[in-house]
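> Show me how the following folds:
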Amino acid sequence: MPTIRLPAPALLPLALLAAIGSSRAAETSTAPSSAQNTTQSAQSQAKSLPTVQVNGQAAPRVPSGSVAVYGPASLHDTPAAISVVSHQQLADAQVQNLRDLVRQNASLSDDYAPVGYYQDIAIRGFPIDLATGIRFNDLIVNGEQDMSPEDKQSVQILKGLAGIEAGVMEPGGLINYVTKRPAKVREVTFGTDSHGSRYAAIDYGTWLTPNFGVRVNAAYDVTHSYVEQANGRRNFYSIAADWRITPNAKLELDSDYEARAQRSVSGFQLLGGTTLPTHVDVTRMLGYEPWQQPVSIHSSNTSVRYIQKLSDNWQLRLAAGHSRALIDDNVAFAYGCYYVSVCADGTAIPGHYFAPDGQYDVYDWRSPDDTRTNDQVRAVLQGRFETGTVSHQLTFGVSDFRRQLNQRAYVYDYVGTASIYQPNPPYFPPSPNQPGTPVPTMDSWQHTGFAMDRMTLTPHWQVLAGAQFVRLHERTWDFDGTKLRDTRMEKLLPQAAVLWKPTAALTGYVSYAKGLSLGVASPFWTSNGNAILGPRLSRQWETGLKWKASDALDLNAALFHISLPYQYAKPDSTAAGYTFVQQGSEVHTGLELNADGALTDNLTVHASVSTIRAVAENSGTPAYDGHQVENVPRWRASTMLAWRLPVLPQLTLLGGWRYASSNPATPSGSVRAPAWQVFDAGLRYQTTLAHHAVTWRLMVNNVFDHFYWVDTGTSGGDAYLFPGAPRLARLTMSYAL
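So this is what the prediction gives:
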């Protein structure tokens, strides 16, 4: 790995990590136990003001085996980098979607972040695959939706090739949403923000009998966006139920439904493919036309899990999940400059960027009834036995996953040309054309079998060895029924790790894994436009240290090296000027540092630093090799502190800081978005009103209203630029009934 030179802004969290370790190594925590922290209601949390509320990732506060893709082991003994964002962290930070979640950990970054549309993120510099990278209680759900936070107990961020049960996925990692379980909870929440949004939610849970409990969450949200003409609305409903059938058998059910509607805001593009736009007004909607309808997304997710204890040493887990997203896509889309005179010939100025003077084309884009369905069933058998002095912890399982797409031939018609410097675009009549009838466009099956043996050789050494076998069959069709692709492949993907535990508080590990991810679709402007390249085999080495500095504080470090085939638009002599190819490798080598938990009885910290050297190698285009790839800053940092005032223990002050170094915006690295840092501040105030617990939360993001480019990545092969959100204050009040 190359020598690491720290930029000045990155020294703050690193110094903080060092101070944390020395200040807490010999302290004894007064944090509540795992069971208390998991089951206590919102009412009891608010009333027990003297109790320190710890919301980090320490192993005692996370139930053993809660990360199913690594089997029944605590996070402290898991050979992977995993961060857990608790419900209280989500509430304090006012997290509403993936874009907000990025603020919570430096290993995450934005990767296609439009206002009013579903988003994508990257982990360790690799965009997650929305088809397989989002999980709901460990089962795959559609990523083309916003996962509402109201019914989530925590969010698990699994970094890297994430366990034997993960299946086909991008090598950066995945996001797993864990839902709340039944408990005695009766709480309503009301909120607003500095733009006048309105928010209301209810969280109700009870045990109807000693063995059967339910929990219901619902929310209604009217969003007043900082972008003009981009207001939206949301309705959300969910139910969770637990049935303790016998002392050895349990059934868990979760189901949710969300309806969301909001106009989508187009991203900016480089001017002429070489220059960042300047004097950008983030409140203006590019390409706005009054006939543009909101993007409507109706989504639902359901999972059923049955856990049967077969004996003292063996357990069977059965699970099934269904996820559906129905998207009505409507955008007056700002894209390229094919109809601007300086771009018309496609030689001097590429048509898939904005024109050098800021002009862009406006398209009437309509794709209604875009239906995406995920179904998965899984069976896992786990058990223990001894062979001489070696203890074995076995995991066997099978999984079937099916993803289907039904779509209509879309409308994508040029209607006029506008400029980023116009206060309002001219009026252009919409296209008279109409979408086609719904037809199947994709049917994908993944059949997976997996096995893992965790062998405890001595009290200080463990070895993990396993593999997953993946059989992939994926078919795609054009809108006229023509078969475009029929992909069949089988792969055996091994995984192995060695754990070293010199003390109960310290764990070190080295791991190796292979993974499989799907190929990328080529942009329409390449010579092989709309082709989908073959699946890619990725490899990962990782080593890490996990130190439980106290019962309330975890310190983690991970060093990783991930490689996979590089897919990109290669400049060539074809008429299009580019051909989308798979050639060479994309290699990400990085270091992550994390601190989560209580520094003192009154001060908690969630801090992370990530540095990644992400380069293309042997791509066949020398200008693209050997430098940082697009949309992967070399450095990122994220810190959130919560300080409960000793003189007023009901009040907790919140302070956050986020940093990203300069970010490449072109494959050659010739254009880079400047480095940025943003400060957040807020408070949490807990009191009682007529013997009922009340919690006020205020969070101000981007306190100094700093302009910055948060995303310089690609979507569908096209490059976009998205500015970060301006200053925004959110206020909520939760009242325990």
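> what about residue 507, neighbour count?
For residue 507, the neighbour count with other Cβ atoms under 10 Å is 24. No exception for glycine: its C-beta is placed from N, CA and C like everyone else's.
> mind showing which ranges of this structure have poor pLDDT?
Flagging of the chain using pLDDT under 70 yields the residue ranges 1-71, 346-347.
> From what I see, residue 220 and residue 202 are in contact.
No: counting by Cβ atoms under 8 Å, residue 220 stays clear of residue 202, with 9.5 Å between them.
> what's the spacing between the lengthiest strand in the chain and its chain's center?
Identified as the longest strand of the chain according to DSSP state E is strand 359-387. On the basis of Cα atoms, centre = their mean, to the nearest Å, strand 359-387 is displaced by 13 Å from the centre of the chain it belongs to.
> So what are the sheet partners of the helix or strand following it and their directions?
Sequence-wise, the next helix or strand downstream of strand 359-387 (DSSP states H and E) is strand 390-407. Here strand 390-407 is paired, per DSSP bridges, with strand 359-387 (antiparallel), strand 439-458 (antiparallel).
> Would you tell me which one of these is buried the most?
Burial of the strands paired with strand 390-407 is given as mean neighbour count (mean count of other Cβ atoms under 10 Å); strand 359-387 ranks first at a mean of 19.
> so who does residue 134 touch?
By Cβ atoms under 8 Å, 6 or more residues apart in numbering, residue 134 lies in contact with 128, 140-143, 147, 174-175, 177.
> Buried residues in stretch 176-194, which are they?
176-183, 185-187, 189, 191-193 (16 or more other Cβ atoms under 10 Å).
> swap that for stretch 685-693, please
Those would be 685-686, 693, for stretch 685-693 by 16+ other Cβ under 10 Å.
> And for stretch 576-595?
Within stretch 576-595, judged by 16+ other Cβ under 10 Å, the buried ones are 576-582, 584-595.
> Determine how far it lies from the middle of the whole chain.
19 Å.
> can you check stretch 518-538 too?
Mean-position distance between stretch 518-538 and its chain equals 23 Å (Cα atoms, centre = their mean).
> Distance of the spatially closest residue to residue 356 that is not a sequence neighbour relative to residue 524?
Of all residues not flanking residue 356 in the chain, residue 272 sits nearest, at 3.7 Å (Cβ to Cβ, 6 or more residues apart in numbering). Residue 272 sits at a distance of 20 Å from residue 524 (criterion: Cβ to Cβ, to the nearest Å).
> Who has more neighbours out of the two?
residue 272 (18 against 13).
> Which residues are in contact with the more buried one?
By Cβ under 8 Å, 6+ apart, the neighbours of residue 272 are 349-350, 353-356.
> Residue 318 too?
Residue 318 touches 305-306, 308, 378-380, counting by Cβ under 8 Å, 6+ apart.
> quick one, strands of the stretch 201-350 of the chain?
212-223, 232-246, 249-262, 295-309, 314-335 (DSSP state E, counting those that start in this stretch).
> got a list of what residue 278 touches?
For residue 278, the contact set (Cβ under 8 Å, 6+ apart) is empty.
> For residue 406, see how far away it is.
Taking Cβ to Cβ, one finds residue 278 at 43 Å from residue 406.
> one step back: in helices, which of the buried residues of stretch 176-194 fall?
Counting by DSSP state H, no part of those is found in helices.
> Quick check: which element contains residue 421?
Assigned by DSSP H and E, residue 421 belongs to neither a helix nor a strand.
> ok, it - contacts?
Residue 421 touches 279, 358, counting by Cβ under 8 Å, 6+ apart.
> does residue 91 sit in a helix, a strand or a coil?
The three-state assignment at residue 91 reads helix, by DSSP: H, G, I helix; E, B strand; the rest coil.
> what's near enough to touch it?
Applying Cβ under 8 Å, 6+ apart, we find residue 91 in contact with 149, 697, 732, 734.
> 6 Å instead, please
Applying Cβ atoms under 6 Å, 6 or more residues apart in numbering, we find residue 91 in contact with no residue.
> That one and residue 225: what is the separation?
Counting by Cβ to Cβ, the gap from residue 91 to residue 225 is 22 Å.
> With residue 323 instead?
Between residue 323 and residue 225 the computed distance is 27 Å (Cβ to Cβ).
> Of those two, which one has the most company?
Using other Cβ under 10 Å, the more surrounded residue of residue 323 and residue 225 is residue 323, with 25 against 20.
> Give me the phi and psi for residue 117.
Backbone torsions of residue 117, given as degrees, to the nearest 10, read phi -140, psi 160.
> Not counting its neighbours along the chain, what's nearest it?
Computed as Cβ to Cβ, 6+ apart, the closest residue to residue 117 that is not its neighbour in sequence is residue 264, at 4.3 Å.
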